[in-house]
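[1] Okay, sequence plus prediction incoming.
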Amino acid sequence: MHEVQRGSGPQLLLIHGLGGSWKSWSTVMDALSAERSLIAVDLPGHGASPAGQDSGTFDGLVASVERYIAEHRLEGIDVVGSSMGARIALELARRGRVGNVVALDPGGFWRGWERTFFKVTIGVSGRLVRAIRPMLQTLSKNAASRTALLAQLSARPWALDPTVVATELESLSDTSTFDALVNDLASGPEQIGPAADPSRRIVIGWGRHDRLCLPRQAARAKAAFPSAELHWFNASGHFPMLDQPDETVAVINAATQ
């Protein structure tokens, strides 16, 4: 897997979400790297990492990250994940492979109609972004079009940095495994927790205005991981590092020190 390293101090692994890349952490990397040695990866099929045969499934991505940790002798490393990456972090915590975990708006806790809602809405978004790929740089510069494109994912899309928005949307449009992962995530089992409380700290962060992984799902995540702390980002949508970067950095630093 492609990786970017930055900073010095205790190591911290950053795992982006569906359609993202290591650049998804750009709004918080400078602040985090002041105290930590960051390792931000591109999941297989995302960014600069080629897809493998199993990269279109959640289980396949977990296996890839688990192998990466073993190959680089990173067992016990603190991990921060976003969305699908947050679910990967929780699964690694469940298996006892990592240290402290911060899971930001994790997927995998939807039920019933929420599965269809996730599949249809994010699927439509993926097709739209691919269709308008040549225009994303221009559209991202306009507050109205930013709002239209990111209304489901951000509490204040009009206020986001146009360059950050363009980078995220282009990454999503270029993710070769996007459709396969949407189907797998929507039809797969609900995320389960560990048989016993993990010995390391887990913080689950959730945006009050998340319109993809709905806030009602936070209670299920907490039930699966009873020892976890639940932190609400009151002014955030699905991506706290975009909507509330300073608060996100504070939560991560507090949870992983």
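    Structure received.

[2] For the rest of this, base every contact and every neighbour count on C-alpha atoms.
    Noted.

[3] what about the helices in the stretch 101-250 of the chain?
    113-131, 136-140, 143-150, 162-174, 178-187, 218-224, 240-243, 245-256 (DSSP state H, counting those that start in this stretch).

[4] helices or strands up against the second one?
    This means helix 136-140. Under the contact definition 3 or more CA pairs under 8 Å, 6 or more residues apart in numbering; DSSP states H and E, helix 136-140 sits against helix 143-150, helix 162-174.

[5] Which of the helices of the stretch 101-250 of the chain sits closest to D54?
    helix 178-187 (10.1 Å; CA to CA).

[6] got the angle for that closest one vs helix 162-174?
    80 degrees (axes from the mean of the first three to the mean of the last three CA atoms, to 10 degrees).

[7] which non-adjacent residue is nearest P157?
    T147 (4.9 Å; CA to CA, 6 or more residues apart in numbering).

[8] ok, now which ones touch that neighbour?
    Shown in contact with T147 (CA atoms under 8 Å, 6 or more residues apart in numbering): R156, P157, W158.

[9] Which of those fall within strands?
    Judged by DSSP state E, strands contain none of those.

[10] Now rank these by neighbours and give me the top one.
    P157 (24 neighbours; other CA atoms under 10 Å).

[11] For R95, which of the helices and strands packed on helix 136-140 is the nearest?
    Between these, helix 162-174 lies closest to R95; by CA to CA that is 28.7 Å.

[12] picking up where we left off before, okay, the helices and strands packed on helix 136-140, which one's buried deepest?
    Neighbour counts (mean count of other CA atoms under 10 Å) averaged over each of the helices and strands packed on helix 136-140 peak at helix 162-174, with a mean of 20.

[13] Nearest to V165, out of the contacts of T147: which one, please.
    P157 (8.7 Å).

[14] measure the closest one to L149 for me?
    With distances taken as CA to CA, to the nearest Å, P157 is found 8 Å from L149.

[15] Can you pull out the low-pLDDT segments for the protein?
    Scanning the chain for pLDDT under 70 picks out nothing.

[16] Can you tell me, leaving aside adjacent residues, what's nearest to the residue nearest the centre of it?
    The centroid of the chain falls nearest to S82 when counting by CA atoms, centre = their mean (2.0 Å). Counting by CA to CA, 6+ apart, L104 is the residue found nearest to S82 once chain neighbours are left out, at 4.8 Å.

[17] That neighbour bridge partners, please.
    Per DSSP bridges, the residues bridged to L104 are S82, G205.

[18] got the contacts of T147 as CSV, with distance to V62 columns?
    Output for the contacts of T147, formatted as CSV (distance: CA to CA, whole Å):
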residue, distance to V62
R156, 31
P157, 30
W158, 34
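
[19] What residues sit buried inside the host helix or strand of A31?
    A31 belongs to helix 26-33 when elements are defined using DSSP states H and E. For helix 26-33, burial by neighbour count (16 or more other CA atoms under 10 Å) applies to T27, V28, M29, A31, L32, S33.

[20] Output it as PDB, restricted to C-alpha atoms.
    Extracted C-alpha coordinates of helix 26-33, given in PDB (Å, rounded to 0.1, in the frame of the first residue of the first chain):
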ATOM      1  CA  SER A  26      -4.800  17.000   4.700                       C
ATOM      2  CA  THR A  27      -6.800  19.300   7.000                       C
ATOM      3  CA  VAL A  28      -5.400  17.800  10.200                       C
ATOM      4  CA  MET A  29      -2.000  16.400   9.200                       C
ATOM      5  CA  ASP A  30       0.100  19.400  10.000                       C
ATOM      6  CA  ALA A  31      -1.400  19.800  13.500                       C
ATOM      7  CA  LEU A  32      -1.200  16.000  14.200                       C
ATOM      8  CA  SER A  33       2.400  15.700  13.000                       C
END
